[in-house]
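**Q** what's the 3D shape of this:
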Amino acid sequence: MPSNLEQAAAAPVALSAFLRGVERRGALFAELQCGDRDAGDTALAAAMRAFRNHAAALPMSEWPRRFWALLVATPQLRQASAVAAWPPSLLAVAALNPSARQALLLRLAASLSEEEAAAVLDTPVAAYQQALTAACPRDPAGQPDAGAWRALAEAMQQQLRDLPADRLVRLAGLREAALDGRRLSPAANRPASLPTVARQAAPSSRRWLWITLVVLACAVALAATWWWPHWQADQPQDVGGLEPGVRPLADEVVVVREELAGQPPAETFDRVFALLSEPDFELLMQPEEEAIARDADFLAWYASGANALPGVVAEEAVPVDEAAAGDRETSDAQL
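**A** Below is the predicted model of the structure:
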């Protein structure tokens, strides 16, 4: 019992996620199948509402096949719309008959495999492959053109990537309306549809607008070449020494130069402070020691024996005989 309740509670969330995942491709498939966005949106909304009624009774693995089968079966997609138009890059789709176009779009727009597309159409895979081959672009020799096929697939993917914001809002509204079981009125205007042959007139109008603006600009430039010399002739003649087109000042400009009054240079401190901050302040306060200090080099030189004359060698000291010296002193005393 709890398992059934959990499945019942999770079903709306899963259904919303599934529809959100297929709504873009479903919208592109429906629009390209009938050539009309409004008719395609009507078919997509009907398929979503019908799928909501069937989803609860189906396993989730069957959801993709049932959704696409319901979309393919909508009356709006059985034939092209009376106002059908396709983008220039997808004109090859317009040339196909509805059955071949359906087979091609299930493969490229819906991105289903051949087996899945055959199951959607309730036809054998071989029959679907034959219809897909008939829808494949041909080269001039009548053979399948692989390059044109890739270009067609890329053009459809580009259409999916380039969906505008208002288009996404519109699809979200269709999804929410389908989940609520109510109908959403189709879009009242068509200008927001995919680029069609009818809408190609807008670029043409813009091109003519640019051509008109260019012609007007050329006319203004031509008129200026005639008017400018006449305007120059009416202006006062240029003064010698001035560049062409430069006019002198109306009044002579007088430049006045005023000498500034002299003043002694600024001092950062007075003389007393300069004396007190002198590194040799103690020496300056003792003049006698200052004199000695100033002659310190000379005094040191003198003390080192500099008084001896250059070139004079001092006599060597002669050893004195103490006994002889004593006798000499005695004899001197006797005398």
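
**Q** pLDDT at residue 247, what is it?
**A** pLDDT recorded at residue 247 is 65.

**Q** Sorry, slip of the keys, the one I care about is residue 74.
**A** Looking at residue 74, the pLDDT reads 92.

**Q** Show the end-to-end separation of stretch 53-71, please.
**A** Terminal residues of stretch 53-71 lie 14 Å apart, using CA to CA, to the nearest Å.

**Q** in it, what's buried?
**A** Residues 55, 63-71 are the ones in stretch 53-71 that count as buried (16 or more other CB atoms under 10 Å). Every C-beta, even on glycine, is put in place using the N, C-alpha and C of the backbone.

**Q** So which of those residues sit within helices?
**A** Among the buried residues of stretch 53-71, the members found in helices (DSSP state H) are 55, 63-71.

**Q** Extract the C-alpha trace of the helix or strand hosting residue 169 and format it as CSV.
**A** Element membership for residue 169, per DSSP states H and E: helix 165-180. Output of helix 165-180 as CSV, limited to C-alpha atoms (Å, rounded to 0.1, in the frame of the first residue of the first chain):
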residue,chain,number,x,y,z
ALA,A,165,12.6,33.3,-24.5
ASP,A,166,9.0,34.2,-25.3
ARG,A,167,8.7,30.9,-27.2
LEU,A,168,10.0,28.9,-24.2
VAL,A,169,7.5,30.7,-22.0
ARG,A,170,4.7,29.8,-24.4
LEU,A,171,5.7,26.1,-24.4
ALA,A,172,5.9,26.1,-20.6
GLY,A,173,2.3,27.6,-20.5
LEU,A,174,1.1,24.8,-22.8
ARG,A,175,2.7,22.2,-20.5
GLU,A,176,1.2,23.6,-17.3
ALA,A,177,-2.2,23.9,-19.0
ALA,A,178,-2.0,20.2,-20.1
LEU,A,179,-1.0,19.1,-16.6
ASP,A,180,-4.0,20.9,-15.2
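
**Q** quick check, residue 262 in a helix?
**A** No: remark: residue 262 does not belong to a helix; assigned using DSSP: H, G, I helix; E, B strand; the rest coil, it is coil.

**Q** Closest one to residue 45 out of the ones in helices among the buried residues of stretch 53-71, please.
**A** The shortest approach to residue 45 among those belongs to residue 71, at 10.4 Å (CB to CB).

**Q** Spatially nearest residue to the closest one (excluding sequence neighbours)?
**A** Excluding its sequence neighbours, the residue lying closest to residue 71 (CB to CB, 6 or more residues apart in numbering) is residue 47, at 4.0 Å.
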